[in-house]
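S.K.: Pasting the sequence and the predicted coordinates here, then a few questions.
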Amino acid sequence: MHLAYPAVLAALLFCTGLYGVLARRNAILVLMSVELMLNAVNLNLVAFDVWLSRTAQDTLHSGQALALFTIAIAAAEIGIGLAIVLAVYRDRATADIDRLRDTAETPGDDPDHPDASGTEKAEATA
Amino acid sequence: MSLAATAPYGFLSPTGVEIAFLLVGLVTLGAALITVTTRQLVHAALWLVVTLGGLAVEYLLLTAEFIAWVQVLIYVGSVVVLLLFGLMLTRAPIGHSPDADSGNRPAALVVAVGSAGALVWVVTDAFRATWIDLDGPAAGTTGVTGESLFRHWVLPFEALSVLLLAALVGAIVLSRKAKAEQAAGTPSLAKAPGDKEGAR
């Protein structure tokens, strides 16, 4: 098999995930797009491992071991990420990342009361 | 084992494996595109199942059998279920939700198309004359993967198990802390789960 097939597919999947991370508004949809990006990396790792195990006689199988590690870390990441999203949702009653701007710095911020607008917004949405 | 450079390969005569990889890849990419563009949140999670399952088939076609089953078990089995639970616990609307995309969609499209063009150009240029030799013994059977994992990768493997434990404890702590704050009962916090029945 030509190596370009898996490599191009992985690149396109990664860019699809990149678009999702940048364009989505719901935090859980952003997490899904992150999963797409991680899967693209896994496909690259596996394809290059299969290639190198034949051409370079690589007996370490580092690509597949790293793909397994990536899958495990992605599972941990999705657990923590969803716990954070649910905690934020309980606190603010929204999973909309465009509205979670309490730590955003704007030029008109009052340095004495940095969280005044944030608590107002939380009370308004709750 | 024959070297890839000496084996006869046709550039414009794809083998059956290549055709199968291409077709499954098209399905996978299409499902991924629907995942990031659909406006129905639960449908996005279900199209993600198609994407991840398609990737498992791609791993099988690359003879990485163990990774394929791990992919099915962990991604399709647990990650998607977790995501669906997350969608339901945050009371995501079941039907059409017009505000699924944020305002910076054109910028995201420009960035994604630009990086896709650059990546595809570089990758095809770099690996124009490289072929994967899929004949012979499979490169990713459970035996081969387990041997390399427990011979060369034992320490990272154990460290990874500690990391998973830490992540598990962290997730529990994150959800318990929110619950304790709720029980302490500031009115604005206690109100959020209360109106759950009203919204349904």
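M.R.: Structure received. Keep in mind that this is a model prediction, so the values were computed, not measured.
S.K.: Tell me how many other residues crowd residue 30.
M.R.: Chain wasn't specified; assuming chain A. 22 (other CB atoms under 10 Å in any protein chain shown). Where you see a C-beta, it was placed from the backbone N, CA and C, and this is true even at glycine.
S.K.: The intended chain is chain B.
M.R.: Neighbours of residue B:30 using other CB under 10 Å come to 15.
S.K.: Check which helices and strands the helix ranked longest in chain B sits against.
M.R.: The residue-count maximum for a helix in chain B (DSSP state H) belongs to helix B:154-184. Other helices and strands packing on helix B:154-184, by 3 or more CB pairs under 8 Å, 6 or more residues apart in numbering or on different chains; DSSP states H and E, are helix A:62-92, helix B:187-194.
S.K.: Next up, the contacts around the residue nearest to the spatial centre of chain B.
M.R.: The centre of chain B sits closest to residue B:52, judged by CA atoms, centre = their mean, with a distance of 5.6 Å. Each residue near residue B:52 by CB atoms under 8 Å, 6 or more residues apart in numbering or on different chains is listed here: A:35, A:39, B:71-72, B:75-76, B:79-80.
S.K.: Turn these into CSV, including pLDDT and secondary structure.
M.R.: Below are the contacts of residue B:52 laid out as CSV (pLDDT from 0 to 100; DSSP: H, G, I helix; E, B strand; the rest coil):
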residue, pLDDT, secondary structure
A:35, 93, helix
A:39, 94, helix
B:71, 92, helix
B:72, 93, helix
B:75, 91, helix
B:76, 89, helix
B:79, 91, helix
B:80, 92, helix
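S.K.: Now which of those residues would you call buried?
M.R.: Neighbour-count burial (16 or more other CB atoms under 10 Å in any protein chain shown) applied to the contacts of residue B:52 gives A:35, A:39, B:71-72, B:75-76, B:79-80.
S.K.: so what are the domain limits for chain B?
M.R.: B:1-97+B:105-140, B:153-192 (automatic domain parsing).
S.K.: how deep is residue 70 tucked in, by neighbour count?
M.R.: Answering for chain A, as no chain was given. Neighbours of residue A:70 using other CB under 10 Å come to 16.
S.K.: my bad, chain B
M.R.: 22.
S.K.: so it sits right up against residue A:70, yeah?
M.R.: No. The pair residue B:70 / residue A:70 is not scored as a contact, 10.6 Å apart, by CB atoms under 8 Å.
S.K.: what's the pLDDT at the spatially most central residue of chain A?
M.R.: Centroid-nearest residue in chain A, with CA atoms, centre = their mean: residue A:34, separated by 2.8 Å. Model confidence at residue A:34, given as pLDDT, is 94.
S.K.: related to what we said a few turns ago, ok, which of the domains of chain B comes nearest residue A:62?
M.R.: domain B:153-192 (8.0 Å; CB to CB).
S.K.: could you give the mean pLDDT of the closest one?
M.R.: 75.
S.K.: Wait, residue B:49 touches residue B:79, no?
M.R.: No. Using CB under 8 Å, residue B:49 is not in contact with residue B:79, being 9.8 Å away.
S.K.: Any regions of chain B where pLDDT drops low?
M.R.: Regions of chain B meeting the criterion pLDDT under 70 cover residues B:1-13, B:177-200.
S.K.: which stretches of it form helices?
M.R.: B:16-37, B:41-61, B:65-70, B:80-89, B:105-126, B:142-152, B:154-184, B:187-194, B:196-199.
S.K.: so can I have a markdown table of the ones you listed showing distance to residue A:56?
M.R.: Shown next, in a markdown table, are the helices of chain B (distance: least, CB to CB, whole Å):
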| stretch | distance to residue A:56 |
| --- | --- |
| helix B:16-37 | 21 |
| helix B:41-61 | 20 |
| helix B:65-70 | 19 |
| helix B:80-89 | 35 |
| helix B:105-126 | 16 |
| helix B:142-152 | 14 |
| helix B:154-184 | 21 |
| helix B:187-194 | 56 |
| helix B:196-199 | 57 |
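S.K.: Excluding covalently adjacent residues, which one is nearest to residue A:42?
M.R.: residue A:67 (4.7 Å; CB to CB, 6 or more residues apart in numbering or on different chains).
S.K.: same thing with residue A:71?
M.R.: In space, residue A:71 is closest to residue B:74, 5.4 Å off (CB to CB, 6+ apart).
S.K.: Run through the residues that contact the one you found.
M.R.: Per CB under 8 Å, 6+ apart, neighbours of residue B:74: A:71-72, A:74-75.
S.K.: Check which residues of stretch B:158-171 are buried.
M.R.: Neighbour count says stretch B:158-171 has B:160, B:167, B:171 buried, by 16+ other CB under 10 Å.
S.K.: Cool, thanks, talk later.
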